[in-house]
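Asker: Need a 3D model of the sequence below.
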Amino acid sequence: MRARRIYLAVLVLALMEVGLAGMPAEAQTAFTFTQLDVPGSTATEADGINAQGEIVGFFFDAAGRQHGFLDQNGSFTQLDFPGATATRTVNLNSAGVIAGAFTDAAGVQHGLFGRANDFTRFDFPGSTSTLGLGINAAGTIVGSFADAAGQTHAFIKRGQTFTQFDFPGGHDTVAFAINNRDEIVGGFTDAAGVSHAFTLRRGIFNLLDPPGATSSVAFGISVQGFVMGSFTDAAGNGHGFFDRRGVFTQLDFPGAASTDGNGINASGTIVGDFFDHAGVEHGYIAVH
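Answerer: Below you'll find the predicted structure:
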């Protein structure tokens, strides 16, 4: 969960095959994992997958520069916002429209959306930093922004209309994904400084902590309402999770030091990332 934790920290400042203890037997779902690395990269993270199986994420090159990528059946396209010092593409819809963020020469983050390398910038009004993180078939975008006081809030963008929202009683709310039923998932921090995953369905917020988790965050949601995310256990180890209507499955890439569950499509194909024991980040695809 290291990369995503760092990512959440940046938001605040600048903006699989093991069942969980105590889970029902049906949660012991077997997954087949395939490692995914952008050719020539030093680190890769797979974040979103659409109905066609197209995958987006980001990678670092040998010079340490961050770029987005689009994987179309093993054919990789590098994605960069013009003039950006760093680009992060996070999600895409069935039409191939991508949501993400980039950093400009002044070090400020802005949201982006559009088709591969034909991106449009957007910013939450009055924000000091904006990140686009999820997009659905209607083109509705969710993400997060930092206000003038440095506080992080979630937003929904419908056309040119932005709406802020925050988990009730929480702070540093981030919306990571939205499905075609306008169901949203993300994370927030409570008064004790603990991060929790949440869902937002029909205007109702729900906490979503896997059993035994000491912290959690939700990164993806399918059209069926199945949720992907990550959590930390009592020993401080990071795992992915797959929530199928209250039945949780723990996700661990075989032999990994830590694993994140990031995206899921309508067919149930999962993408995410893991760290090996040398501290190198890799993407993965998982099917069951």
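Asker: In the stretch 51-200 of the chain, where is pLDDT below threshold?
Answerer: Along the stretch 51-200 of the chain, the model assigns pLDDT under 70 to no residue.
Asker: can you map out the strands along the stretch 51-200 of the chain?
Answerer: Counting by DSSP state E, counting those that start in this stretch, the stretch 51-200 of the chain forms strands over residues 55-60, 66-72, 75-79, 86-92, 98-103, 109-115, 118-122, 129-135, 141-146, 152-158, 161-165, 171-178, 184-189, 195-201, given from the N-terminal end onward.
Asker: Can you spell out which helices and strands pack onto the last one?
Answerer: If I follow you right, that is strand 195-201. The criterion is 3 or more C-beta pairs under 8 Å, 6 or more residues apart in numbering; DSSP states H and E, and the helices and strands that strand 195-201 contacts are strand 184-189, strand 204-207, strand 215-221, strand 227-232. Where C-beta positions appear, they are placed from N, C-alpha and C, glycine not excepted.
Asker: again with the fifth one
Answerer: With contacts defined as 3+ C-beta pairs under 8 Å, 6+ apart, the packing partners of strand 98-103 are strand 66-72, strand 86-92, strand 109-115, strand 118-122, strand 129-135, strand 141-146.
Asker: Can you list the strands that the shortest one pairs with?
Answerer: Neighbouring strands of strand 118-122 in its sheet, by DSSP bridges, are strand 109-115 (antiparallel).
Asker: and the angle for the partner strand with strand 98-103?
Answerer: Computed with axes from the mean of the first three to the mean of the last three C-alpha atoms, to 10 degrees, the direction of strand 109-115 lies at 150 degrees from that of strand 98-103.
Asker: Put the alpha carbons of strand 109-115 into PDB.
Answerer: The C-alpha coordinates for strand 109-115 follow below in PDB (Å, rounded to 0.1, in the frame of the first residue of the first chain):
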ATOM      1  CA  GLN A 109      -1.100  19.600 -10.000                       C
ATOM      2  CA  HIS A 110      -4.100  19.900 -12.400                       C
ATOM      3  CA  GLY A 111      -6.800  17.500 -13.500                       C
ATOM      4  CA  LEU A 112      -6.800  16.100 -17.100                       C
ATOM      5  CA  PHE A 113      -9.300  14.200 -19.200                       C
ATOM      6  CA  GLY A 114      -9.500  13.100 -22.800                       C
ATOM      7  CA  ARG A 115      -8.300  10.400 -25.200                       C
END
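Asker: Go through it and flag the buried ones.
Answerer: Applying a neighbour-count criterion of 16 or more other C-beta atoms under 10 Å, one finds 109-114 buried in strand 109-115.
Asker: quick check, nearest of those to residue 121?
Answerer: Proximity of the buried residues of strand 109-115 to residue 121, judged by C-beta to C-beta, is greatest for residue 110, which lies at 5.0 Å.
Asker: Straight-line length of stretch 185-202, end to end?
Answerer: Stretch 185-202 has its terminal residues 12 Å apart, counting by C-alpha to C-alpha, to the nearest Å.
Asker: Name all residues that make contact with the closest residue to residue 94 other than its chain neighbours.
Answerer: Distances taken as C-beta to C-beta, 6 or more residues apart in numbering place residue 51 nearest to residue 94, at 4.5 Å, with adjacent residues excluded. With C-beta atoms under 8 Å, 6 or more residues apart in numbering as the criterion, the residues that contact residue 51 are 94, 265-267.
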